[in-house]
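Sequence first, predicted coordinates after that:
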Amino acid sequence: MANGSEVYAAGRGLQMSVRAIGWFMLAAVPIYFLNNYLTFVMGWPGVAPVFAGMSEGAADMRAWGQLGLYLAGGLLVLLYVGKTAAAHLRDDAARISAFNAYLVRAAFWAVFLIGIIDTSISFLRIEGILPYLVGGGLSDELGRVHFRGPYVHIPLIFVALIIAIKSKTLGFHWLTLLVVLSELLIVITRFIFSYEQAFMGDLVRFWYAALFLFASAYTLVEEGHVRVDVFYAGFTNKTKGFVNAVGSLFMGITFCWTIIFVGLGSKTSIVYSPVANFEISQSGFGMQVKYLMAAFLVVFAITMLIQFVSYLMEAVADYLDQPGHKEHEASPSAG
């Protein structure tokens, strides 16, 4: 009986720890973005001076405040986990996956709407039709990404967030079809009508990049990624859970945070710089979405991070032999 009680206590402790780690990983994402805003836009010092100040003197109180955001987030996570101690790992995993599915749906609708509208604007501009529809002044403004981004792209993103609440399908099979159709249109117009513009190729790359990056999180939860293994297929569910938990925590989650840190760590980072400056391609009449394609990397990292947290909780639930294990009919493997 004593051994049974110890095993139960150990399992419960592991469950609480994994829930705390997982929820803190999620809470840290908006806190990190808020800190980046305070640092890069508002001119706050960031958290680094706190650690430098330990040896060089007192740090700016704003730096302590920024560090305090993480501490407050950790405290709220501990309070939440303690208050919902009876919750199961699979319940948390299901809620996290449902929220991630919403984000991915919103991303699909955003790239769909932006692709259609931005391509239409570029077509009307290059054919000289836009000034007759909206006037010369607005036509000129729509030719500038610093106008088109805030006043066309960003509102469409908010529209996508609203549509995603009502729409319950991810829609990536439709995005695949749209990529094929847009490429087919290029072939037809080039070889039959001798007509091709830069925005047509931009649209294919825009949608294909979104398809590749945004569908990754959904593919992860459905076990659709190709798994190259020799021993894994023969493992028990408990052993698979251990392997998946270790992989999710030390490879998946770490990889996603690395992308976020490298992409957004400074004003000159490979993602922050093009997004903050609304970077576009050199073709004057192409789509003005290059800065959004840079942001795709962060969307990919965030959605994968969220899904890896859900995957971690599912894996630990398997390791603890908790009920509700999901069998995936299609789990491609090789080896």
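Structure received.

Any idea how many residues pack against the nearest residue to A85 once chain neighbours are set aside?
The shortest distance from A85 to any residue other than its chain neighbours is 6.8 Å, reached at M16 (C-beta to C-beta, 6 or more residues apart in numbering). Just so you know, the C-beta spots here come from the backbone N, C-alpha and C atoms, and that holds for glycine as well. Per other C-beta atoms under 10 Å, the neighbour tally for M16 reads 16.

What strand or helix carries M16?
helix 2-36 (DSSP states H and E).

what is the mean pLDDT for that helix?
In this model, helix 2-36 has a mean pLDDT of 84.

Ok, stretch 174-185 next?
Per-residue scores along stretch 174-185 average to 89.

which other residues reach it?
Stretch 174-185 has contacts (C-beta atoms under 8 Å, 6 or more residues apart in numbering) with F108, V111, F112, G115, M200, L203, V204, W207, Y208, A210, L211.

Go again with 7 Å.
F108, F112, M200, L203, V204, W207, Y208, A210, L211 (C-beta atoms under 7 Å, 6 or more residues apart in numbering).

Drop anything exposed from these.
F108, F112, M200, L203, V204, W207, Y208, A210, L211 (16 or more other C-beta atoms under 10 Å).

ok, the last one - contacts?
The reference is to L211. F172, L175, T176, V179.

just the buried members of the residues you listed?
If we count by 16+ other C-beta under 10 Å, the contacts of L211 have these buried: F172, L175, V179.

can you map out the helices along the stretch 151-300 of the chain?
Assigned helices in the stretch 151-300 of the chain, in chain order: 154-166, 172-191, 198-221, 237-247, 254-264, 272-276, 290-319 (criterion: DSSP state H, counting those that start in this stretch).

Residues contacting the first one, please?
Applying C-beta under 7 Å, 6+ apart, the contact partners of helix 154-166 are Y102, R105, A106, W109, A110, L113, I114, I117.

Which strand or helix spans the fifth one?
With the criterion set as DSSP H and E, the secondary-structure element containing A110 is helix 89-126.

list the helices and strands that helix packs on?
helix 2-36, helix 130-134, helix 154-166, helix 172-191, helix 198-221, helix 290-319 (3 or more C-beta pairs under 7 Å, 6 or more residues apart in numbering; DSSP states H and E).

among those, which is nearest A93?
Evaluated over those, closeness to A93 peaks at helix 290-319, with 4.1 Å, by C-beta to C-beta.
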